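[1] Got a sequence here, can you model it:
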Amino acid sequence: MTISAKTKTLLMSAALALVAASANAAGIGASLLTQQHPFYNELSKAIAAEGKAQNVPVEIAIANQDLNKQLADIEDFIVKGVDVIIMSPVDSKGALAAVARAQAAGIKVITVDVPVEGAKVSSYIGTDNYAGGVKAGELMAEQLGGKGNVAIIDYPLVQSVVNRVNGFKEAIAKHPDMKIVSIQTGITRAEALAVAQNMLQANPDINGIFGFGDDAALAASVAVKSAGLAGKVKVIGFDGMPEARAAVDSDPDMVGVIQQYPDQMGKLAVDTAIKLEKGETVPESQPIVPGVYTKKK
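    Alright, predicted model coming up:
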């Protein structure tokens, strides 16, 4: 059976239309670190909402703090041929290979909240974590009158946390009568609770605890009470989600949190991805200044 020239033309046009539609539908892939933290839930909602508002397809995959899962999700986005990948890496170093794979496939990469160490991405959007850490240290010094023993609940695999802890240390170092007596890793709330309990048992003279995130700070506050130290240890968190802000308002031991704005980050990430899809130039770094939330006067 022969196909007429007109039919061939129509078939070719249909095929080209399908290819174009496929390209337009490729959209944005977002690989987020976890859904077990309020910050990332807010970030995920903001990304989905802005994608809907801009009528751009967005597929969100959650790694749940599993690097292998995240690498598999990025590979899936590459196979699907998305235009841009928005990524909050589980491991700042471990995600480097995934970024390289995506870029080799011609896909632009935006990192949000957590940078990828050693990678040059199209744009990094996140809190100025170092500045936030400095603010946390300054608040701790203010609360303790410039003297006392301080502990830190850490998450050293994530560069954004490394930055905020370094900022905190820098601020504390300016006060010779303040000393950091313990730094331990407590990633989940349950882990942070155990870590805080161990810190307080080993160092009963601790006057303040800085939690790298809200979960860590809230857990520390519970540990303070269970150790019979209520009113004697100042706790400061980082994120500023509703539960933590409510704790600052009502819990005497929670004296403040450094407030991030995941809603702004999610919106900006999608808007930046759309600009990249259009071939526009975007800033390599788009820092968002954090706030400080303390007890209402």
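
[2] Please make it C-alpha for all contacts and neighbour counts, starting now.
    OK.

[3] So what does the residue nearest in space to the middle of the chain look like in phi/psi?
    Centre of the chain computed as the mean C-alpha position; nearest residue by C-alpha atoms, centre = their mean is residue 113, 3.6 Å away. Note on residue 113: backbone dihedrals following degrees, to the nearest 10 are phi 70, psi -50.

[4] surely it meets residue 92?
    No. Counting by C-alpha atoms under 8 Å, residue 113 does not reach residue 92; the two are 10.9 Å apart.

[5] what's the straight distance from one end of stretch 98-111 to the other?
    Start-to-end span of stretch 98-111 (C-alpha to C-alpha, to the nearest Å) is 12 Å.

[6] mean confidence score for that stretch?
    Across stretch 98-111, pLDDT averages out at 97.

[7] distance between it and the chain's centre?
    Offset of stretch 98-111 from its chain centre (C-alpha atoms, centre = their mean, to the nearest Å): 19 Å.

[8] who touches the residue nearest to the centre of the chain in this structure?
    Residues in contact with residue 113 (C-alpha atoms under 8 Å, 6 or more residues apart in numbering) are 88, 124, 125, 126, 127, 160, 265.

[9] Let's have those residues in TSV, adding pLDDT, neighbour count and secondary structure.
    What follows is those, written out as TSV (pLDDT from 0 to 100; neighbours: other C-alpha atoms under 10 Å; DSSP: H, G, I helix; E, B strand; the rest coil):
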residue	pLDDT	neighbour count	secondary structure
88	95	28	coil
124	97	24	strand
125	97	25	strand
126	93	27	strand
127	91	25	strand
160	88	23	helix
265	96	24	helix
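
[10] Quick check: of the residues you listed, which lies closest to residue 280?
    residue 124 (15.7 Å; C-alpha to C-alpha).

[11] For the closest one, give me its contacts.
    Contacts of residue 124 were listed using C-alpha under 8 Å, 6+ apart, and they are 110, 111, 112, 113, 115, 284, 285, 286, 287.

[12] Next: residue 168.
    130, 132, 133, 134, 135, 136, 137, 138.

[13] Same check on residue 74?
    31, 85, 98, 102.

[14] one more time with 10 Å, if that's ok
    29-31, 61, 63, 68, 80, 85-87, 95, 98-99, 101-102 (C-alpha atoms under 10 Å, 6 or more residues apart in numbering).

[15] One more: residue 67?
    33, 73, 89, 90, 91, 92, 94, 95.

[16] Also residue 174?
    137, 138, 141, 146.

[17] Could you list the low-pLDDT ranges of the stretch 51-200 of the chain?
    Within the stretch 51-200 of the chain, not a single segment meets pLDDT under 70.

[18] Now do the helices in it.
    67-80, 96-104, 129-144, 159-173, 189-202 (DSSP state H, counting those that start in this stretch).

[19] Tabulate those helices in a markdown table, adding columns for distance to residue 251.
    Shown next, in a markdown table, are those (distance: least, C-alpha to C-alpha, whole Å):
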| stretch | distance to residue 251 |
| --- | --- |
| helix 67-80 | 35 |
| helix 96-104 | 41 |
| helix 129-144 | 15 |
| helix 159-173 | 22 |
| helix 189-202 | 17 |
